[in-house]
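1. Sequence first, predicted coordinates after that:
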Amino acid sequence: MATAVVIGGGVGGLTAGLALRLRGWDVTVLERAPALEDVGSGLAVSPNGLRALDTVGLGDPVRELGRVQGAAGIRKPDGRWLSQTSQERARVRYGDGVVLLRRRILVDLLADALDRANIRLNTEVTGLDPDSGTVETETGTFQADLVVAADGIRSRTRRQLFPGHPEPAYSGVTAWRGLVPWPESARIHSTETWGSGLVFGTHQLAGDVAYFYATDLAAPGGRAGDEREELLRRFGGWHEPIPAMLAAVDPGAILRNDIHQMETPLPRLHRGRVALLGDAAHPMTPNLGQGACQAVEDAVVLAHHAGGDLAGYTGARLRRTADIVRRSMAICRVTKIRNPVVIGLRDLGMRAAGRLSSDLMLRAMDSVLDWRPPASTGPSSGRAPTGRG
């Protein structure tokens, strides 16, 4: 039986482990944290991500445990609409809507399906030979036919495989995230509000829980003594339910992190017996909501190619992910605008586009959301993959 070691127990790593196991591989997931990811945030799984999860048997559980996004739109800080779209149109166009759920729910589904006995927590990788597939940890050494590097945005594996390649660059934007009870004042399930260099988004999850995220321009590494007060200073005067959400959130439960993206794509996503995926391969800003979805896509495509030359994996994923990174950063730049005249032109253009066609935003996302996983050819051959190229 072919063996795989997955470095990293996040969404992408767990999906890769499950996809490989379903194809007959013996899989071990190494996670350096003492527990699997339990961040207090939400997750949007778009139609392309749901199709990828369908290939490992988890698309329907995600649909059942999450909430299908209802009407959505973009607003101004005073509440006026810039654009709106119907998720019914999305379901007709793509066969699925966007499913919203807590990130922890997806992590648990993946871990249970993989079998938690295959996950080694509190295990940090201390050495890796990409040619032989030897993985060293503080507690032992693994010999693998395939090593999957899903070790995140600051991936040590990426730096080892491609020394000298530019590291992910700071986008200029910091982000806050949190979960609160869904406010009764909220009339629409999902909105994003754009101001002068600021964004505030809200989603209703299952169980009447609200997930919010906010971004603003800031120097990297910044922290506030009270992040709720920091958010209220920036967004407290915006339309409801934003002030109500911020009033309800536990200051200690607010997550804050700087947003980075891979400005220069890697030359390839593999070397030797090692394949990179998710944030280790192509960190991106969250503006298209595709970070987790692209990691899941990576995972199922990698499992499809894992019995042969890993150049097939790079060929299937490098151009697509680089394009999504670029498109997401382009939107990020638009949200960062602070010049009042340019903001006025931006908002005018969005309103005009919405009047011309309510499906314009959807059509612009066709190449992202209409992705299909590779046709299954049955369990992989069990041969060790090659990494030429």
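-> The structure has been received and is ready for your questions. Residues are numbered from 1 along each chain as shown.

2. Report the contact partners of Arg346.
-> Residues counted as contacts of Arg346 (C-beta atoms under 8 Å, 6 or more residues apart in numbering) are Trp194, Val334, Ile337. The way it works is simple: take the backbone N, C-alpha and C, and place the C-beta from them, glycine included.

3. how close does it get to Lys76?
-> 11 Å (C-beta to C-beta, to the nearest Å).

4. between those two, what contacts are shared?
-> By C-beta under 8 Å, 6+ apart, Arg346 and Lys76 have these common neighbours: Trp194.

5. re the thing from before, just the buried residues of the contacts of Arg346.
-> Trp194, Ile337 (16 or more other C-beta atoms under 10 Å).

6. Counting only strands, which of the contacts of Arg346 make the cut?
-> Trp194 (DSSP state E).

7. Same list, the contacts of Arg346, but as JSON lines with pLDDT please.
-> Listed next are those as JSON lines, based on pLDDT from 0 to 100:
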{"residue": "Trp194", "pLDDT": "97"}
{"residue": "Val334", "pLDDT": "96"}
{"residue": "Ile337", "pLDDT": "97"}
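
8. I'd like the contacts of Arg346 laid out as TSV, including distance to Tyr313.
-> Converted to TSV, those look like this (distance: C-beta to C-beta, whole Å):
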residue	distance to Tyr313
Trp194	37
Val334	32
Ile337	37
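
9. Closest to Ala52 out of the contacts of Arg346?
-> Val334 (27.9 Å; C-beta to C-beta).

10. For Gly79, see how far away the closest residue to that closest one other than its chain neighbours is.
-> Nearest residue to Val334, sequence neighbours excluded (C-beta to C-beta, 6 or more residues apart in numbering): Arg346, at 6.3 Å. For Arg346, the distance to Gly79 equals 18 Å [C-beta to C-beta].

11. do the same with Ala33
-> 40 Å.

12. the helices in the stretch 1-150 of the chain, which residues?
-> 11-22, 47-54, 59-65, 87-94, 103-114 (DSSP state H, counting those that start in this stretch).

13. quick one: secondary structure of Gly172?
-> strand (DSSP: H, G, I helix; E, B strand; the rest coil).

14. For beta bridges, what are the partners of the residue lying closest to it once chain neighbours are set aside?
-> In space, Gly172 comes closest to Leu217 once its chain neighbours are excluded; the distance is 5.7 Å by C-beta to C-beta, 6+ apart. Leu217 forms beta bridges with Val173, as assigned by DSSP bridges.

15. Help me confirm that Leu217 comes into contact with Arg338.
-> Yes. The pair Leu217 / Arg338 is scored as a contact, 7.5 Å apart, by C-beta atoms under 8 Å.

16. Could you name every residue contacting both of those two?
-> By C-beta under 8 Å, 6+ apart, the residues touching both Leu217 and Arg338 are Gly197.

17. Those two - which one has more neighbours?
-> Leu217 (14 against 11; other C-beta atoms under 10 Å).

18. Please read off the pLDDT at the more buried one from the model.
-> For Leu217, the pLDDT comes out at 96.

19. cool, and Ala375?
-> Ala375 carries a pLDDT score of 83 in this model.

20. again with Leu121
-> 97.

21. I'd assumed Val29 was in contact with it.
-> No. In this structure, Leu121 is not within contact of Val29 by C-beta under 8 Å, at 9.1 Å.
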